[in-house]
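Chemist: show me the folded form of this:
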Amino acid sequence: MAERGKIRRDSKNRVLRTGEYVRANGKYQFKYHIDGKPHFVYSWKLLPTDKLPAGKKPCISLREKEKQIKLDLERRQVQVIDYGSI
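Modeler: From the prediction side, this is the model:
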């Protein structure tokens, strides 16, 4: 378990943000919550400039997926607020 305040890094010495993890097989994982339930997104690449491991299918990077999730969650919150005010 990581100590509080300790900066987590991947094998390429890049700082991992909150919710980002590196799995034992080398895949990157992002964990987020919707309505109190955990959801996970995976990718072989942390950044768009990363190279894919040999034999892996092309995918978008984890940080790109995070950005899309955050936009989707913001849109969802706006819709909930709009419906609640009607």
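
Chemist: quick check: L52 vs W44, distance?
Modeler: Distance of L52 to W44, given as CB to CB, to the nearest Å: 6 Å. Backbone N, C-alpha and C define where each C-beta goes, glycine included.

Chemist: list residues touching both of those two?
Modeler: The contact sets of L52 and W44 overlap at C59 (CB atoms under 8 Å, 6 or more residues apart in numbering).

Chemist: of those two, who's got more company?
Modeler: W44 (18 against 12; other CB atoms under 10 Å).

Chemist: just the pLDDT at the more buried one, thanks.
Modeler: Per-residue confidence (pLDDT) for W44: 97.

Chemist: swap in the one 4 residues further on?
Modeler: According to the model's per-residue confidence, P48 sits at a pLDDT of 96.

Chemist: from R76, how far out is the residue nearest to S11 when sequence neighbours are not counted?
Modeler: Excluding its sequence neighbours, the residue lying closest to S11 (CB to CB, 6 or more residues apart in numbering) is V22, at 7.1 Å. V22 is 28 Å from R76, where distance means CB to CB.
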